[in-house]
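Trainee: Fold the following for me, if possible:
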Amino acid sequence: MTTPPSLRVGSASCRCRLPFHDARLVAVTGGPGAGKTAVLELAARSLCEHVAILLEAATIVFGGGFPRHQTKPGLRAAQRAIYRVQREVETLVIEERQVAVALCDRGTVDGLAYWPDPVDTFWEEIGSNLQAEFSRYHAVIHLRTPSPDQGYHTDPIRNEPAEQAAELDRRIAAAWKDHPHRFLVEAKTDFTAKASHALELIRNQMPACCTGPSGLAK
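Mentor: Got it, this is the predicted structure:
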């Protein structure tokens, strides 16, 4: 089993010839089973080379061997590590200025949903605050977790029972609810319709240079 790359770019060509871009960070979030991985894969295949897809920081952290302990100290340590990895990968694409949009598999604010203590202690531990983290993201696209009758199921990697998945989805929604550019993609029995809606929202975040007649053809 190979580990997916931490950062990849879209495979479609683009007529935009600007040498540099001011990267827009777009968080694609949601609870377990929401379809983030599938939507980001579709984005990588259909969007242009000026779109970067950032691997989930938790996958980088735990895939690299970080201890995955369910004690409170273990949960705190993991979320601190995930936050710092997330910030550094985002900072990399911002400073390199090679992409116009960076699609982040989750954002830093997601950590609130997994933090075992009161919210204020999360910000104290990482040395930031909610508004500072909100300001980093141009938009937030939240794919809602489906219920069992909408197609939710477990597998060896995503093994949360439906009730736990729904609770995590609610906590993520609460963490991001005040972001000024948050979009909800409701769960549907037809995942194709859900993915199409999410991709349209992603396309809407692209700058003019990479859309329409002067850039990526829709």
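Trainee: show me where pLDDT drops low in this structure?
Mentor: Applying pLDDT under 70 to the chain flags the ranges 1-4, 151-159, 212-218.
Trainee: So which residues of it form helices?
Mentor: Here the chain has its helices, by DSSP state H, at 36-46, 57-63, 72-96, 111-114, 119-126, 130-134, 162-176, 191-203.
Trainee: Compare these and give me the one nearest residue 22.
Mentor: Judged by C-beta to C-beta, the one of the helices of the chain that comes nearest to residue 22 is helix 72-96, at 8.0 Å. All C-beta atoms are positioned from the backbone trio N, CA, C, and that covers glycine.
Trainee: Buried residues in that closest one, which are they?
Mentor: Using 16 or more other C-beta atoms under 10 Å as the test for burial, helix 72-96 gives 75-83, 85-87, 89-90, 92-94.
Trainee: repeat for stretch 175-195
Mentor: 175, 176, 179, 182, 183, 185, 187, 188, 194, 195.
Trainee: show me the residues around residue 25 that make contact.
Mentor: Taking C-beta atoms under 8 Å, 6 or more residues apart in numbering, we find residue 25 in contact with 90, 94, 102, 104, 107, 136, 137, 138.
Trainee: What is the nearest of those to residue 71?
Mentor: The shortest approach to residue 71 among the contacts of residue 25 belongs to residue 107, at 25.4 Å (C-beta to C-beta).
Trainee: Show the end-to-end separation of stretch 60-77, please.
Mentor: Using C-alpha to C-alpha, to the nearest Å, one end of stretch 60-77 lies 15 Å from the other.
Trainee: what does it contact?
Mentor: For stretch 60-77, the surrounding residues in contact (C-beta under 8 Å, 6+ apart) are 3, 6, 78, 81, 82, 85, 89, 114, 115, 116, 117, 125.
Trainee: can you give me how far it is from the chain middle?
Mentor: 19 Å (C-alpha atoms, centre = their mean, to the nearest Å).
Trainee: next one: stretch 12-31
Mentor: Counting by C-alpha atoms, centre = their mean, stretch 12-31 comes out at 13 Å from the chain centroid.
Trainee: what about residue 66, how many residues close to it?
Mentor: When neighbours are counted by other C-beta atoms under 10 Å, residue 66 registers 16.
Trainee: Please apply the same query to residue 55.
Mentor: Residue 55, neighbours per other C-beta under 10 Å, totals 21.
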